[in-house]
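Colleague: just a sequence and a predicted model for now, questions to come.
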Amino acid sequence: MANHLPQWATEIVARYESGAAGQFILHGNVADRMLMQLADGPRLGRLNDYLLDVLLPRFQVVLSYDPGFGLRVERGQETFATWPALKELGGEMPSLPLPAVRVLARYLQFARNLRAVGAKPVTVAVVLRDAQLYVPVLPQTLNHELSAIASIIRSWGSDTTMAAQGQAVFLIADRLNTLHPLVADNPRAADIEIPLPDANELAGALQVLAPECPKALGAAAEPATLMGEGSKPDFSRIASRLTGTSIAALEAFLRRHNHAGKALGEADLGELRKALVERDAGDLIDFIEPDRTLDDVIGLTGVKARLKQDLALWQQDETAALPMGYLFCGPVGTGKTYLAECLAGEAGVPVVVLRNFRDRWVGSTEANLEKIFALLHALGRCIVFVDEADQALGKRAAGSGDSGVSSRVYSMLAAEMSNTRNRGKILWVLASSRPDLIEVDLKRPGRIDVKVPIFPTATAEEGMILLGALCKRRGIPLDDAAKAALLPLVPKWLTPGAAEALAVKAYRLTKTGTPDPAAALRASLDGYLPPVDPAIIRAQMQIAAEEATDAEFVPQEVRAYLAEP
């Protein structure tokens, strides 16, 4: 059986059997369906089922508590009924947290006393589900009942003889940061994060679901592109395309598809993965599978060459030569976000964009980050894009009104960005027009190794190339003669954002009375006013040039311009 256990379950067994821990805090992907390898074959179940049927079959008494159902006997009702103190309960098990925890404490002590006096011992396991609801992060006001619950649970975790006494306690919480610090920070308790399922677990889940969803996953319904050997669906291949999703989300999708009589096809996998990942992550992230490459970026020849070299190393698994992250910096409108998407498309990996992970509730922001990090680890290779990084990443020093949330966000992100085990798996890409406002520690080598400045066009010729390409994309191409005639009108230091606005205006004019593309663009250029104050653009160019990690990233024209008084 041990050979079929996932890593997190193997860790629990090793710590318990060695006597290193008797209390386990399970957090992370605890609400998902679990793939259970049982004697009668694989089956899907809840985490509670996994604990009972896979990890705790040898325990004579298993007690569980949650606020909805109260204290219950999951296994060993007859053995538990012989407890003399049970009569004091009047035949009813408590439903409120503190009385329930006190009953559990008394029964655990009773079982220990049996062993101490030489009576027949009883092995006992306790499962506390949804622990974040009754032993949450300490609120601002003192709560004696909460403190009492946390104190009792902490005392169990601090007992180094629990495993030797044949006892085990499991706390199940959605995120570690939602638990009371007396419980979450107990060094004697084993902190076990349950990750999202890997490709092997997803393949096993698909195999279990196939007989129940024959129209969605049956061999007869499968498109040929998803077939493996013997005219059967290639579950391993499908699973490899769906990493980052939960089994529960995948099961719900397949059952809906099966009910509608729709077969899962190759073309569905990308959109399916995006939908399932975003469903599990809520509104914490945007999940993007880019359909463009670095060849779609206009200009930036040297930058693109450097990025393509790094991606070639990534594809060759030369992870030791890869940067941990990039910082794209430059004035507003220079296409930093677009470059990040093209980088991801060139690499053939998804982009995760951090969104609304900050929350007003105590511990919620940190819990949201935990959830995001778990998703990133499950995705395998991905790019994490943080736009407006100077605002999003927090500060080392806590703000006066955020109860230290900003500094804790900073610490969590800094630790994750510098985790060398993520090299070659998670690539961080930050974008900012004010990189000087990003904390220095977040920009240091080991977190952000390459800082790439992106500048507006330095010459009228570069600006014309940009405008010509953007007009061509809109179906209003310009010939060489038209480009030459318009060249004197092209403003210097033109950003891609401003060029995009000019191309859109020209396209609009071709639809509203100026059909000639050259005339339409001339009219747009004649009335052009910079959308951003040139002084601001220059200041942001100066900051970007100072941030650059390689002198070759700063063109000579930019150096000369910034050197002017």
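Modeller: That came through, no problem.
Colleague: would you indicate which residues of the helix or strand that contains Val73 are buried?
Modeller: Using DSSP states H and E, Val73 sits in strand 70-75. For strand 70-75, the neighbour count (16 or more other Cβ atoms under 10 Å) marks 70-71, 74-75 as buried. For every residue, glycine as well, the C-beta is placed using N, CA and C.
Colleague: quick one: average pLDDT of the longest helix along the chain?
Modeller: Determined from DSSP state H, the single longest helix within the chain is helix 97-116. The pLDDT scores in helix 97-116 average 94.
Colleague: next one: stretch 471-485
Modeller: Mean pLDDT, computed over stretch 471-485, is 93.
Colleague: give me the residues contacting it.
Modeller: If you take Cβ atoms under 8 Å, 6 or more residues apart in numbering as the criterion, stretch 471-485 is touched by 464, 467-468, 486, 503-504, 506-507, 510, 517-518, 520-521.
Colleague: now those: which count as buried?
Modeller: Neighbour counting by 16+ other Cβ under 10 Å classes 464, 467-468, 486, 503, 506-507, 510, 517-518, 520-521 among the contacts of stretch 471-485 as buried.
Colleague: tell me the spacing between the closest residue to Ala392 other than its chain neighbours and Ile438.
Modeller: Closest residue in space to Ala392, ignoring its immediate chain neighbours: Val386 at 5.3 Å, by Cβ to Cβ, 6 or more residues apart in numbering. With distances taken as Cβ to Cβ, to the nearest Å, Val386 is found 10 Å from Ile438.
Colleague: now do Glu145
Modeller: For Glu145, the distance to Ile438 (Cβ to Cβ) stands at 43 Å.
Colleague: neighbour-wise, which of those two wins?
Modeller: Neighbour count, other Cβ atoms under 10 Å: between Glu145 and Ile438, Ile438 has more, with 22 against 11.
Colleague: what's the domain layout of the protein?
Modeller: Taking automatic domain parsing as the reference, the chain has its domains at 2-194, 199-280, 288-453, 460-526.
Colleague: so which of those is nearest Gln542?
Modeller: Nearest of the domains of the chain to Gln542, taken as Cβ to Cβ: domain 288-453 at 9.8 Å.
Colleague: how long is that closest one end to end?
Modeller: 24 Å (Cα to Cα, to the nearest Å).
Colleague: same question for stretch 416-427.
Modeller: With Cα to Cα, one end of stretch 416-427 sits 11 Å from the other.
Colleague: measure how far it is from the centre of its chain, please.
Modeller: Centroid displacement of stretch 416-427 relative to its chain, using Cα atoms, centre = their mean, to the nearest Å, is 13 Å.
Colleague: what does it contact?
Modeller: Stretch 416-427 is contacted by residues 314, 317, 319-320, 322-326, 347, 349, 373, 376-377, 380-384, 428, 442, 446-448 when judged by Cβ under 8 Å, 6+ apart.
Colleague: all helices of the stretch 151-300 of the chain, in order?
Modeller: For the stretch 151-300 of the chain, the helices defined by DSSP state H, counting those that start in this stretch cover 181-184, 199-209, 214-217, 235-241, 247-260, 268-281.
Colleague: so which of those helices gets nearest Tyr134?
Modeller: Comparison of the helices of the stretch 151-300 of the chain against Tyr134 by Cβ to Cβ identifies helix 181-184 as nearest, at 10.8 Å.
Colleague: what helices or strands is that closest one leaning on?
Modeller: helix 144-158 (3 or more Cβ pairs under 8 Å, 6 or more residues apart in numbering; DSSP states H and E).
Colleague: tell me how far Leu369 lies from Ala551.
Modeller: Distance of Leu369 to Ala551, given as Cβ to Cβ: 36 Å.
Colleague: between these two, who's got more neighbours?
Modeller: Neighbour totals were compared for Leu369 and Ala551, and Leu369 leads with 21 against 8 (other Cβ under 10 Å).
Colleague: and the helix or strand where that one lies, how far from the chain's centre?
Modeller: Element membership of Leu369 [criterion: DSSP H and E] is helix 364-379. Its chain's C-alpha centre and that of helix 364-379 lie 5 Å apart, by Cα atoms, centre = their mean.
Colleague: how about stretch 116-132?
Modeller: Here stretch 116-132 is found 36 Å from its chain centre; the criterion is Cα atoms, centre = their mean.
Colleague: partners of the strand holding Val73 in the sheet?
Modeller: Sheet pairing of strand 70-75 (DSSP bridges) gives strand 61-66 (antiparallel).
Colleague: the strands in the stretch 401-550 of the chain, which residues?
Modeller: Ranges of strands within the stretch 401-550 of the chain are 426-432, 450-453, based on DSSP state E, counting those that start in this stretch.
Colleague: turn those strands into a markdown table, including distance to Thr123, mean pLDDT and mean neighbour count.
Modeller: Below are the strands of the stretch 401-550 of the chain laid out as a markdown table (distance: least, Cβ to Cβ, whole Å; pLDDT from 0 to 100; neighbours: other Cβ atoms under 10 Å):
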| stretch | distance to Thr123 | mean pLDDT | mean neighbour count |
| --- | --- | --- | --- |
| strand 426-432 | 42 | 91 | 26 |
| strand 450-453 | 56 | 94 | 24 |
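Colleague: got those as a markdown table, with distance to Gly333 columns?
Modeller: Output for the strands of the stretch 401-550 of the chain, formatted as a markdown table (distance: least, Cβ to Cβ, whole Å):
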| stretch | distance to Gly333 |
| --- | --- |
| strand 426-432 | 12 |
| strand 450-453 | 14 |
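Colleague: nearest to Tyr528, of the ones you listed?
Modeller: Across these, Tyr528 has its closest neighbour in strand 450-453 (24.6 Å, Cβ to Cβ).
Colleague: residue boundaries of the strands in the stretch 1-150 of the chain?
Modeller: Under DSSP E, counting those that start in this stretch, the stretch 1-150 of the chain gives strands at 23-28, 34-38, 41-45, 61-66, 70-75, 124-128.
Colleague: minimum distance to Gly157: which of the ones you listed has it?
Modeller: Each of those has some distance to Gly157 by Cβ to Cβ; the shortest is strand 23-28, at 3.7 Å.
Colleague: and the closest one, how far from the chain's centre?
Modeller: Distance, stretch centre to chain centre, for strand 23-28: 19 Å (Cα atoms, centre = their mean).
Colleague: CA atoms only for the least confident helix or strand in the chain by mean pLDDT, dumped as CSV, please.
Modeller: When each helix and strand of the chain is scored by mean pLDDT, DSSP states H and E, helix 268-281 comes last, with a mean of 74. Extracted in CSV, the C-alpha atoms of helix 268-281 (Å, rounded to 0.1, in the frame of the first residue of the first chain):
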residue,chain,number,x,y,z
ASP,A,268,-11.1,21.3,-25.5
LEU,A,269,-8.1,20.7,-23.3
GLY,A,270,-6.6,24.2,-23.3
GLU,A,271,-9.9,25.9,-22.5
LEU,A,272,-10.8,23.1,-20.1
ARG,A,273,-7.6,23.6,-18.1
LYS,A,274,-8.1,27.4,-18.0
ALA,A,275,-11.7,27.0,-16.9
LEU,A,276,-10.9,24.5,-14.2
VAL,A,277,-7.9,26.4,-12.8
GLU,A,278,-9.8,29.6,-12.6
ARG,A,279,-12.7,27.9,-11.0
ASP,A,280,-10.5,26.5,-8.2
ALA,A,281,-8.6,29.7,-7.8
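Colleague: and that helix, what does it pack onto?
Modeller: helix 235-241, helix 247-260, strand 285-288, helix 364-379.
Colleague: buried ones in the longest one?
Modeller: What it means is helix 364-379. By 16+ other Cβ under 10 Å, the buried positions in helix 364-379 come out as 364-379.
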